[in-house]
Each structure stands twice: as structure tokens, then as C-alpha cells.
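[1] I would like the atomic coordinates for the input below:
(2 chains)
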Number of protein chains: 2
Amino acid sequence: MAQQERAVRTRRAVLEAAAAVFAERGYAAATIAEILQRAGVTKGALYFHFDSKAALAQGVLQEQITTEYHLPRELKLQEWVDAGMTLAKRLPQEPMLLAGVRLSADLQGRDVFGSAWPAWAELTARVLAEAKERGEVLPHVVPEESAQVFLGAWIGVQFVSQGVAGWTDLDARMSALFKHLLPAIAAPSVLGRLDTAPDRGARVLAEVRRRPKALANATG
Amino acid sequence: MAQQERAVRTRRAVLEAAAAVFAERGYAAATIAEILQRAGVTKGALYFHFDSKAALAQGVLQEQITTEYHLPRELKLQEWVDAGMTLAKRLPQEPMLLAGVRLSADLQGRDVFGSAWPAWAELTARVLAEAKERGEVLPHVVPEESAQVFLGAWIGVQFVSQGVAGWTDLDARMSALFKHLLPAIAAPSVLGRLDTAPDRGARVLAEVRRRPKALANATG
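    Numbering: from 1, shown residues only, chains lettered A, B, ... in the order given. Next up, the predicted model:
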């Protein structure tokens, strides 16, 4: 059991080191040597978990969708907004997410290790379909189409935020994006009840961190 | 006069060659040697117009905003949609535009040669402000904010289209983007009158090309 726990920790340390290096340098320029050095593990330990640089990139991409910041709300659309706003708040601070955004946008490399884009779009489509079943979404909305629009828009908005402000205005830009997309998606009775304020992400994160860990996980 | 015309043509040939090379390889990997070869001009002729690789990139970026595809419409918002939809149609076929998108997204290089992002955002903000003055836009809309949302969204949408479909679905994705943004921007009486169909760009381009050239320029 202690051995298994150690293996889990080693795997995590390697993934986090890989994420930091991929986020900073991109896939092509990243080296296993630098990842090893940052993780502080042996070559054997790294290769026990990941047999190539591509496998490391795949491992990072699989970490992109987590439910630990997901709190159930009365409105399913609020859960969608919360997912986006917490992501906006977390992205600049979490190398794992920065690496996921950078690897997913690597058009040369994604044939080798994949991309988080399909998983992000699928998640959005699923939430919107559920919201639609509950009557929160306008009848003509096609969840898959809206999910693709949101995927493209969110990727571009975070990229422009990186370019012009080093992500410091990402909260404000994501808030503005939701305010611009929701009137085309939400039923009128729901629209006014959604909280899309720029500090929404920070408030939800604080709420998650106040909760006992087991409870937060149970709601995921 | 003939000499001046030749200079204009040489400058254009150099710019188009530079655009093709920047679009394919990006700024860092582009070389003056390859641009010279593609343009079929002498080194002296190139340096007469552009004294560095950065000057070439600046020249390409200055070509991003043209009014030759701008036809006046009854609704100012339709002119905005038309600008976006013709851009979507032209982008995959025009190295000048592809180079502009790629150079503008080069976060390492843009301190050296700039970016078309501010000019794109300004153009959108100006059109939306004019549409607002005419009562086509909802009263609470802030043109600069909507312009920034559109800038980020359009950049991401074209990037996702490139990544998943080599830009072949850009028409459909831009159409979906406008359909998702306009309810947050357009006055209800205007919304239903806007043509945002995927083939809108192709139809406007055909219309421009049918027009006598002088007339099309006069309306720009």
C-alpha cells in the first residue's frame, strides 16, 4: 500500500514537471532530461509510468478535465458558466492547464499526442443538452454547435488575453464572452438569473476550498 | 510614371512573396533569401522597399484591413457580418490574410513588428458604434467590449477550424459565431433581418466581383 502510494506520487510529480516544461517551451522544445530534473525522479521511475515524450503529453491532456471544482447549482447553465469562470481563474496559475491549452493548440504535434479540444467540446455539449432538457435553453439551440462556438471562442479569448495582458484580464474577458453568448443560448426566464460577473470564478473557487475535501469530491 | 508603376508592382510582388513565406513558415523561420526567390526580384529592389524582415512583416500587417470588399448595406450590422463572412471566405485562399493571422498570433515576434489585432478590434468597435447611433444595437452594449469579445472569438474560431478541418469549415463556424453573438448585440427589430448564412461571404464576394472596379473602390 505504501509502495502503491509512492508510485502514485511519483507519477504525479512527473506529470506536473512535464506540464511545467510543456507549458513553458512547447512540445517540440521540451526534453525528457529537463522533465526528469524538475521532477527529481530517476529515469527508471519516469519510464515506468510514461514510455515516451508523447505519452507524457497524453498524460497531461488527460488531466485537463477534472470535476473537483464542480459544485451543483439550481441552474445547469450556471454550472457551465462556473466551469468556464473557474477555468479562467485557474489557468494562469496552473501549469497543468497551461500545458493542456498549449499542447492542444500544437497543430504539428496533436496527431502524435492528441488534443483536449474534443473533450472540452463534449463536456460543454453534454451540459448544454442537460440544461436544454430542463428547459433552461432556447428550443432551437443545437448543443454540439454551441459547444463548438464556445470551444473556438474560449481558445481565442484566452490567447488574446495572454498576448495583450499575460492572462491578467482573463476573468474580465471570459465574463464578457459569457455575457455575449448566453442571450443566444439561455431561455429568457433563465438569462437574468445567471451570475457571469468577472469575480465569479474566484468566488466559486473559494467556496470549493471551504468545503471538506470528501464532500467536494462526492459532488463531482 | 512608368518607373513609379514598376516600383509599385515590385513592392507588391515582394509583399506577396513575404506573405506566402510568413504564412507557411512563421516569422522566425522565414528568410529574406526565400522571399527574394519567390518574388523574383533583386536584393537591391527588395531592400529599396523594406530594409529588414521586420519591415516586411509590418508591411504585411498593414495590408490586413482593406475596404475593397465593403459594400454599403441598409443595416450597419449587416456590413459588420459581411466583413466577417467575406474574411472567412477569403482567408483560406489568401496568403496575405493567412500571414496576417499568423504574424499577429506570434507572441514572441509581435513586439518587433506589431499585430493586426488592435486594428481589427478598432474597426469592429467603429462599426458597432455607428450601428448603435442608428439604433441597431442594444442600448447597454459597449462597442469596445463587444469588439474585444469578437476579436478573441474570431481568432479562436479560425484557429480551431484550421486545426480540425484545414479551414474548410470556416464559413460554417463563422456563421455559427455570428448567430451566437448577435442576440447580445443587435436590437430585436434588427436581429431577424440580418443574413448570417454560411454562404453569405461567397455571395458578397460574387457581388463585389460583378461590380466595375472603380465603383467598388468608391464605396470603400
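[2] list the contacts of the nearest residue to A:Ala30 once chain neighbours are set aside.
    Spatial nearest neighbour of A:Ala30, excluding adjacent residues (C-beta to C-beta, 6 or more residues apart in numbering or on different chains): A:Val21 at 4.6 Å. For the C-beta atoms, the positions are set from N, CA and C on the backbone; glycine is no exception. With contact taken as C-beta atoms under 8 Å, 6 or more residues apart in numbering or on different chains, A:Val21 is in contact with A:30-31, A:34-35, A:38.
[3] centre-most residue in chain A?
    A:Gln64 (4.7 Å; C-alpha atoms, centre = their mean).
[4] find the nearest non-adjacent residue to the residue of chain A found nearest chain B, please.
    Nearest residue of chain A to chain B (C-beta to the nearest C-beta) works out as A:Gly156 at 2.2 Å. Nearest residue to A:Gly156 in three dimensions, chain neighbours excluded: B:Gly156, at 2.2 Å (C-beta to C-beta, 6+ apart).
[5] any idea how far the one helix or strand A:Leu177 maps to is from the chain center?
    Per DSSP states H and E: A:Leu177 is located in helix A:170-181. Helix A:170-181 sits 16 Å away from the centroid of its parent chain (C-alpha atoms, centre = their mean, to the nearest Å).
[6] CA atoms only for the following helix or strand past it, dumped as PDB, please.
    Using DSSP H and E, the next helix or strand after helix A:170-181 towards the C-terminus is helix A:188-191. Backbone C-alpha positions of helix A:188-191 (Å, rounded to 0.1, in the frame of the first residue of the first chain) are rendered in PDB as follows:
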ATOM      1  CA  PRO A 188     -35.200  34.400 -21.300                       C
ATOM      2  CA  SER A 189     -36.500  33.400 -17.800                       C
ATOM      3  CA  VAL A 190     -33.100  31.900 -17.000                       C
ATOM      4  CA  LEU A 191     -30.800  34.600 -18.500                       C
END
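[7] so which bits of chain A are right by chain B?
    A:105, A:107, A:110, A:115, A:117, A:145-146, A:148-149, A:151-164, A:173, A:176-177, A:179-185 (C-beta under 8 Å from any C-beta of the partner chain).
[8] tell me where the longest helix sits in chain A.
    Across chain A, the helix with the greatest residue count (assigned by DSSP state H) is helix A:2-29.
[9] I'd like the next helix or strand past it.
    Past helix A:2-29, further along toward the C-terminus, the next helix or strand under DSSP H and E is helix A:32-39.
[10] helices or strands up against whichever helix or strand comes after that next one?
    Following helix A:32-39 in sequence order, the next helix or strand is helix A:43-49 (DSSP H and E). Applying 3 or more C-beta pairs under 8 Å, 6 or more residues apart in numbering or on different chains; DSSP states H and E, one finds that helix A:43-49 contacts helix A:2-29, helix A:32-39.
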